[in-house]
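Q: show me the folded form of this:
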Amino acid sequence: MYYKICIYIFVICFLFPGCTSEPNQMKIAERIMETHPDSAISILKHLKQEIYKSNSNRALYWLLFFEYTESIDKKLLDPSFIDFSISYYLKQNDYHQLARCYYCKGHMLMHSQHFDESILLNLKAIDCLQNINDFVLLGKIYSDMGAIFTIQKNYKEALIKFQYSLFCFNKAGNKKNAGFIILFISHIYNSLNKYETARWYSKKAISHTTDSLLIGVVYQEMGITYYLSKQFDSAQYYLRKSLIYPFKWNNYSIRCRFLSDLLFDLNKNDSSFIYATRALKYPASFYTQRDCYRILANLEYTRRDFKQMGIYLSHYQDCADSIRKVESQPKGVFLEKLHNTTQEANGTKRNMILIVSVLILILILSSGLVIYLYKRNKIKRKQLEAYKSQLNKKQEFVTQKLSLKIEEARTLQADIRKNATADERAKLDIELYNNTLYLNNRDDFNREMNQAFNNIVTMLNAEYPTITRKEIIWCCLHLLDIPHTDRMLLLEVSSDSLYKLKQRLAQKLNLKSTKELSSFLKARTEIKN
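A: Residues are numbered from 1 along each chain as shown. This is a model prediction of the structure:
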C-alpha cells in the first residue's frame, strides 16, 4: 500500500504538473499526513510557499509543516509561522483548522515546558471542536493536558484527561495512540504507588499491539514499576529489554536513568555510571537530567573524587533551579477553571460591559473638573501603592530565594559534614557562603545584595563613605539572619572584635547604640513612596 501511494505521489508531482495545481498537491499531503508523513512532506518540500498569492494556501502550508514536525519529533519550527495560520483561520471562523493550529502550538509549548500557555491553547482548541467530531485530534489534546497535569502532580485530573483521551482514540479506532494512553495511565498509578494496577495497565497495553515503539514503552513502564516496588531482578530485565526498541522524545534517557539508579542500588557502580552518562547524551527533561546528576554525584562520592562530585552537584543545582521555574507556572487546574468560568460568563459579560460602559460615560460627562482631578489623583495613588507592594513582594521573594539557596547548598553538603572535623566544617561553611553569596566577588556580591535589599550597598557607600567592606558585609549578613558564629567565621573576627565592629558601624551611621542597627537597616531596605 505504501509503495502504491509513493508511485501515486510521484505521478502527480512530476509527470503531470500541468494537470494539477499546487493547492491540490497540498490537499493530497494533508490527506496522507497522518498515515504517511514522510510522503506528505516530500510533496510540501517541492512547493514554494513564497509564490502563493492566497493566504489560505500559506496558512495550510505552515499548519501541515507543524503537524509534520510533531509526527517525526524533529526540531520545532518558528512559532510565528503557526501564528500566521492561527490569525488566518480565526478571521475565517474555520474552527476545525483553528483547533489544529492551537493544538500544534500548544504541543510545541508543552515540549518547551511552557505548560501554562500550552493548557490555555488546548482549552481553546477544545472550544473550537464543540460541534466537530474529530476524535483523533481531541484524543491528542486531552493526552497533552493529561501529561501536563501528571508533571504538575495533579494525578486525579490527569486520570480524567487520559480517560477522555482513551475514549476519543477508541472512538476513532486508533489503537496505537490508545495503547500509549493506557501506558500513561499506568505511569500515574506508579506515581500513586499502586504497582499492581500499574502492571495491569501495562499488560493491557501490550496485549493489543505489535508496534515496536509502543512495546518499547511498555517494557520501559514495566521496568519502572518493578523498580519502584523493589523487585530489582524483574526491573533490570524489562529496562534492559526496552533499550533495544525504538523510542520517541525522551523515552531513551528515562530508560537509562532508571537502569542507572537500579544498578547503583545494586552496587554496580561502573555500569550505573555508564547508563547515567548515556542518558545525558539523549533528549531528556530537567527531571531526568537532575536525577542523572544526582546519581553521578553519589558515584563520585563513593570514589572520593570530590572535585568531580562538585561539578555534578553544580549541574544538579542548575536542573533544580530550572524545575522550580517550571513549577512556579500557574497550575493547569486553576487555568482550566478560570477558562471555563470565563466561557460560561461570556454571553452575560458582553451585556454587562455595555451597560457599565454607558453608565461610566454618563458619570464622566456629568462630573466636574474637580471630581475628575480627585479621581485621577486617587487612581495614581492606588497605582503607586500597588507598584510599591509589587516591589516589596519581589524583594521579599529574592531575599527568601537567597535563604533557600543557602539551605539547599547546606543540604547538599550534609553527607560530607557527617564525618568532617571542625576545621573541615568551617571550610565547608566558608565555601557554602562564597558560592551562594559571592563574598569573594565584590561586584556580584553588591549586585545580589542590592537586588535583595533595595540597593542597600549602593546607599551605604553613597551616604556613609567611611564604612568599610567588612561592615557592609556584616549589614547584609545581618539582614539575611546569618547565625552569629557564621558571621565571625566569614569576617575572620572574634566575638569581641565583632562587637567592636558593630560599635564603630553604629557611630558611622550616627546611631546612639548598636541596638538601633537592626531597625536602621530594616527601614533602609523598605521601599518607600
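
Q: right, and Lys175 touches Thr210 too?
A: No. Judged on Cβ atoms under 8 Å, Lys175 makes no contact with Thr210 at a distance of 10.2 Å. For every residue, glycine as well, the C-beta is placed using N, CA and C.

Q: neighbour-wise, which of these two wins?
A: Between Lys175 and Thr210, Lys175 has the larger neighbour count (other Cβ atoms under 10 Å), namely 13 against 8.

Q: may I have the phi/psi pair for the more buried one?
A: phi -70, psi -30 (degrees, to the nearest 10).

Q: what pLDDT does the model give it?
A: Looking at Lys175, its pLDDT reads 87.

Q: over to Ile148?
A: Reported pLDDT for Ile148: 92.

Q: hmm, who's touching stretch 334-352?
A: With contacts defined as Cβ atoms under 8 Å, 6 or more residues apart in numbering, stretch 334-352 is touched by Asp116, Ile119, Leu120, Leu123, Asp127, Glu157.

Q: which strand or helix spans the second one?
A: This points to Ile119. helix 115-128 (DSSP states H and E).

Q: which other helices and strands contact that helix?
A: helix 95-111, helix 135-151, helix 332-366 (3 or more Cβ pairs under 8 Å, 6 or more residues apart in numbering; DSSP states H and E).

Q: so for Arg410, which of those sits nearest?
A: helix 135-151 (28.1 Å; Cβ to Cβ).

Q: ok now the closest one, how far from the chain's centre?
A: 17 Å (Cα atoms, centre = their mean, to the nearest Å).

Q: that helix vs helix 115-128, what angle?
A: 150 degrees (axes from the mean of the first three to the mean of the last three Cα atoms, to 10 degrees).

Q: buried sites along helix 135-151?
A: Neighbour counts over helix 135-151 (16 or more other Cβ atoms under 10 Å) mark 135, 137-151 as buried.

Q: repeat that for stretch 416-427.
A: Result for stretch 416-427 [16+ other Cβ under 10 Å]: no buried residues.

Q: pull the CA atoms of that stretch into CSV?
A: Provided in CSV are the C-alpha atoms of stretch 416-427 (Å, rounded to 0.1, in the frame of the first residue of the first chain):
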residue,chain,number,x,y,z
ILE,A,416,30.2,15.4,53.7
ARG,A,417,29.6,17.1,57.0
LYS,A,418,28.8,13.9,58.9
ASN,A,419,32.4,12.8,59.2
ALA,A,420,34.1,16.2,58.9
THR,A,421,36.3,17.7,61.6
ALA,A,422,35.6,21.1,63.0
ASP,A,423,38.1,22.8,60.7
GLU,A,424,36.7,21.0,57.7
ARG,A,425,33.2,22.1,58.6
ALA,A,426,34.4,25.7,58.9
LYS,A,427,36.0,25.4,55.4
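
Q: with distance to Glu424 added, can I get the helices and strands packed on helix 115-128 in CSV?
A: Shown next, in CSV, are these (distance: least, Cβ to Cβ, whole Å):
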stretch, distance to Glu424
helix 95-111, 44
helix 135-151, 39
helix 332-366, 46
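
Q: what's the closest of these to Ser253?
A: That would be helix 95-111 among the helices and strands packed on helix 115-128, by Cβ to Cβ, at 13.9 Å.

Q: what sits up against that closest one?
A: Taking Cβ under 8 Å, 6+ apart as the rule, helix 95-111 contacts 59-60, 63, 66-67, 70, 76, 79, 82-83, 85-86, 89-90, 115, 117-122, 124-126, 128-129, 132, 134, 137, 140-141, 144, 147-148, 249.

Q: repeat for stretch 511-521
A: Ile456, Cys475, His478, Leu479, Tyr499, Lys502, Gln503, Leu505, Ala506, Leu509.

Q: then stretch 296-316?
A: 264, 269, 272-273, 276-277, 289-290, 293-294, 412, 415-416.

Q: tell me the one of these nearest Lys378?
A: Arg290 (49.3 Å).

Q: surely the closest one touches Cys319?
A: Yes. If you go by Cβ under 8 Å, Arg290 and Cys319 touch, sitting 3.7 Å apart.

Q: in the stretch 151-300 of the chain, where is pLDDT below threshold?
A: 208 (pLDDT under 70).

Q: can you pull out the helices in it?
A: 155-172, 175-191, 195-206, 212-228, 232-242, 251-265, 269-279, 286-303 (DSSP state H, counting those that start in this stretch).

Q: and the fourth one, what does it pack against?
A: Spelled out, that is helix 212-228. helix 175-191, helix 195-206, helix 232-242, helix 251-265.

Q: residues of the longest one that come out buried?
A: Of the residues in helix 175-191, those buried by neighbour count under the rule 16+ other Cβ under 10 Å are 177-190.

Q: could I have the CA atoms of that helix written out in CSV?
A: Below are the C-alpha coordinates for helix 175-191, written out as CSV (Å, rounded to 0.1, in the frame of the first residue of the first chain):
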residue,chain,number,x,y,z
LYS,A,175,-5.4,1.5,18.6
LYS,A,176,-1.8,2.7,18.6
ASN,A,177,-2.5,6.0,20.3
ALA,A,178,-5.0,4.3,22.6
GLY,A,179,-2.1,2.0,23.7
PHE,A,180,0.1,4.9,24.6
ILE,A,181,-2.7,6.4,26.7
ILE,A,182,-3.1,3.2,28.6
LEU,A,183,0.6,3.4,29.4
PHE,A,184,0.2,7.0,30.6
ILE,A,185,-2.5,5.7,33.0
SER,A,186,-0.1,3.0,34.1
HIS,A,187,2.5,5.7,34.8
ILE,A,188,0.1,7.6,37.0
TYR,A,189,-0.6,4.5,39.1
ASN,A,190,3.1,4.1,39.5
SER,A,191,3.3,7.7,40.9
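
Q: what's that helix in contact with?
A: Here helix 175-191 has contacts from 136, 139-140, 143, 146-147, 150, 153, 155, 158-159, 162-163, 165-166, 169-170, 195, 197-199, 201-202, 204-205, 208-209, 211, 214, 217-218, 221, 224-225, 228, using Cβ under 8 Å, 6+ apart.

Q: just the buried ones from these?
A: Counted by 16+ other Cβ under 10 Å, those give 139-140, 143, 146-147, 150, 155, 158-159, 162, 165-166, 169, 195, 197-199, 201-202, 205, 209, 211, 214, 217-218, 221, 224-225 as buried.

Q: model confidence over stretch 120-137, on average?
A: Here the average pLDDT along stretch 120-137 is 91.

Q: can you give me the end-to-end distance of that stretch?
A: 16 Å (Cα to Cα, to the nearest Å).

Q: re earlier: what subset of the contacts of stretch 511-521 is buried?
A: Using 16+ other Cβ under 10 Å, the buried members of the contacts of stretch 511-521 are Ile456, Cys475, His478, Leu479, Lys502, Leu505, Ala506, Leu509.
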